[in-house]
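>>> just need the structure, nothing else, for what follows:
(2 chains)
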Amino acid sequence: MELRIPVGDWIDSFFEWLENTFEWLFEALRQLFIWMFDAVDWVFATPPAWAVIAVVAILALLARGWKFAVGSIIGLLFIVGVDQWDNAVDSLALVIVAAFLAVALSIPLGIWAARNDTVSKIVKPLMDFLQTLPAFVYLVPALALFRIGVAPGIIATLIFAMAPGVRLTELGIRGVDKEVVEAGEAFGATPRRILRQIQIPLAMPSIMAGINQIIMLSLSMVVIAGLVGAGGLGGDVAQAISALNVALGFEAGLSVVVLAILLDRFTASFGQGMGLYAVWSKKRRAKKTEQEQARLDAGHETVGGRRATGVGAAS
Amino acid sequence: MNDIALKADGLYKVFGRSADDAVKKLRAGASRDELGGATAAVIDASFEVKKGEIFVVMGLSGSGKSTLIRMLNGLHPQTAGTVEVGGDSITGVSPAKLRDIRRKRVSMVFQHFALLPHRTVIDNVAYGLEIQGMGKNERLQRAAKVTEIVGLGGWEEKYPSELSGGMQQRVGLARALAADTDVLLMDEAFSALDPLIRREMQDQLLELQQELGKTIIFITHDLNEAMYIGDRIAVMRDGRIVQIGSPEDILTNPANDYVEQFVQDVDRARVLTAESVMRKPRTTVREDSGPHAALSAMRDNEISALYVTKRDRTIVGWVRDRDVMNLVRRGEKSLTPAIKTDHGAVSKDTPLVDLFIPSLEAALALAVTDERDRLVGVVPRVTLLAALGGEPDAAGSAEPVVEPLPAEVVTKVLDSAATKGGN
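Residues are numbered from 1 along each chain as shown, chains lettered A, B, ... in the order given. Below is the predicted model of the structure:
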């Protein structure tokens, strides 16, 4: 008699039980996902392509500067040129919804894991599991629970993309200089306040890297989600595979590349001080600082003009 | 009890499993290596810090001093023992109460400054006040004042990364001062600074302490720093406090070989004061006692000169045997014509390093006076040299500076004066 562990059967019956018991919940989530997707999709699909491109170009200019703006115009025009605009907009909407949900879940989870070793010990292997399990495998139960369409695509994307967000958030917060956190404690700040005023601001670069990773992984998963009828560029890729249509496959695939580059550069630029917006805000801040300093200096002179000693000691 | 700012009693900190068992074993006399899995960082630390005192905890890395200071404000919960700050126990209290004590009673300065890099200097200084719940305008005003005091006026709107190390630590100090707590914990606060800046900061700390009267507990691994700023020093080794005493105590009476070895490298000339090396003057003479008495005193002690004081031991000057002998020969009744007033006495708090030149200039062993100009001792040159070598006793007795007149000559003069006086 051959020994076989019926893992598949167990998991199958687990999902069956899940489906039967929480049908209302999955239905509600499905509706929520579809509604969110439609809302975002509407924003991008309603205006004509040139208007969207113009807005993106302006945002690119503000975020990173003129080179990026020109690049994004060329990229988006390419998508329009290969007639993938509608698909690209669908995919973008999927990415935005899935990434938003993934960020909303992974950052609090990462914070929790950073502050609680037990949670960290549970979350870490769980995230390893979720990230290494072949992506296609998610799709099957997602399909069973959410039926065909956008919803299983979003849920599979969400689960797949969460891991780096959780990890980098935890890493960032745990990596904040211990002494600075101690300083917060030593002056009597509450843990919540230390989190808000010290840990999160100082962990921000790492958290932003996590968000960037979430978006990139979302995009790659969204293409796979095309297999379950989530539509978008992934849908065309899937179609191209089944029909051995090299031309369509590459057109859709290259459009994915364009989207990926745009999203990556946009998210990577947050807080980096590039682009017009950063220049403006820097100028504004400098001006404000100057005024503030002038006000303080005026204060000193009325106090007794001890400024000279200060500057002397500082040199 | 009212002048005790902080009191630690039987503090233990043990990391690792079965910490309580480890404490029991330690109390029973086990050594640090016999604890199995647990690591004892602080063992049975007890001390009291008086109000307005600078109490230095000195030890090498791994001696437990950083753990100890973190137990004083509860950053590390103690394994056993108690800590009282201004009469309130901080051990075994609720987190909210502990935070309240940290806000109002104890603030801290960190080795690597621990400033908030995303806030300006003034917002960093105001941080403690912000947490105390003070309104924005009031706290910025107060922070501006303290920033000025530490010499950072004009830098309020800069970010910490734009400041040098010394200036950043001034911000750290200002943040702690602004919180206006009685007790200031300073964890290796100056160790990350280069030597010149460190000296400057030490001076500034002493100045501020004089002005503001804070109680300061200062951790350092640098014995010279400890000696320079400390009113009292606790020397730690392997988690235990091995000696508590004034800098001079520690230098002159090391409790064991470890402390003795440690203090070998100290710049004695800066730590020891005239008071700690001076000895009793062999003899002095009162200004109203007359030349006859002065000359016999010098002869009996085989010295060539001595200090003259008033009745209350206030120093007046010094006399030389030759001059006094002339007075005796002339039959003068008063010692005054022979008294030279350039006695060059130094106050008893003068560090040794400042005694060398006066000692060279003085005609006899350097006179040491107290705050009311009373002669309390003398420092012969040999004693000064011996003290630098670490063994003040090697000097033996204070040697005369100038060869005294031969005793027979003096006796002859005295005798003839006596017969003259008898006529």
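>>> can you pull out the low-pLDDT segments for the chain?
In the absence of a named chain, chain A is used. Chain A contains residues with pLDDT under 70 at A:1, A:271-275, A:298-315.
>>> I was after chain B.
B:1-2, B:390-403, B:418-423.
>>> swap the cut-off to 80 and go again
Residue ranges of chain B with pLDDT under 80: B:1-2, B:36-37, B:264-271, B:276, B:282, B:362-363, B:388-408, B:416-423.
>>> doesn't B:Leu185 fall inside a strand?
Yes - B:Leu185: assigned to a strand according to DSSP: H, G, I helix; E, B strand; the rest coil.
>>> ok, it to B:Arg32 distance?
B:Leu185 sits 25 Å away from B:Arg32, going by CB to CB, to the nearest Å. Quick note: C-beta positions are derived from backbone N, CA and C, even for glycine.
>>> so between the two, which is more surrounded?
More neighbours surround B:Leu185 than the other of B:Leu185 and B:Arg32, with 25 against 17 (other CB atoms under 10 Å in any protein chain shown).
>>> ok, that one touching B:Ser66?
No - the criterion here is CB atoms under 8 Å, and B:Leu185 misses it with B:Ser66 at 10.6 Å.
>>> anything in contact with each of the two?
B:Ile219 (CB atoms under 8 Å, 6 or more residues apart in numbering or on different chains).
>>> residues contacting the residue lying closest to A:Asp86 once chain neighbours are set aside?
Nearest residue to A:Asp86 in three dimensions, chain neighbours excluded: A:Ala45, at 7.0 Å (CB to CB, 6 or more residues apart in numbering or on different chains). By CB under 8 Å, 6+ apart, A:Ala45 lies in contact with A:86, A:89-90, A:93.
>>> now residue 91. Nearest residue, chain neighbours left out?
Let's take chain A. Excluding the flanking residues, the one nearest A:Ser91 by CB to CB, 6+ apart is A:Gly232, at 3.5 Å.
>>> ah, I was thinking of chain B
B:Thr82 (4.8 Å).
>>> same deal with A:Phe26?
With CB to CB, 6+ apart, the residue lying closest to A:Phe26 is A:Leu145, at 4.9 Å.
>>> quick one: the longest helix anywhere in chain B to strand B:183-187, angle?
When chain B is parsed with DSSP state H, its longest helix is helix B:195-212. Interaxial angle of helix B:195-212 relative to strand B:183-187 (axes from the mean of the first three to the mean of the last three CA atoms, to 10 degrees): 170 degrees.
>>> go through helix B:195-212 and flag the buried ones.
Using 16 or more other CB atoms under 10 Å in any protein chain shown as the test for burial, helix B:195-212 gives B:197-198, B:200-202, B:204-205, B:208-209.
>>> just the residues contacting that helix, thanks.
B:52, B:54, B:149-151, B:164-166, B:169-170, B:173, B:177, B:189-191, B:193, B:214, B:216, B:225, B:228-229.
>>> among those residues, name the ones in strands.
Residues of the contacts of helix B:195-212 located in strands (DSSP state E): B:54, B:216.
>>> just the contacts of helix B:195-212 that are near chain A?
Restricting the contacts of helix B:195-212 to those within reach of chain A (CB under 8 Å from any CB of the partner chain) leaves B:Gly151.
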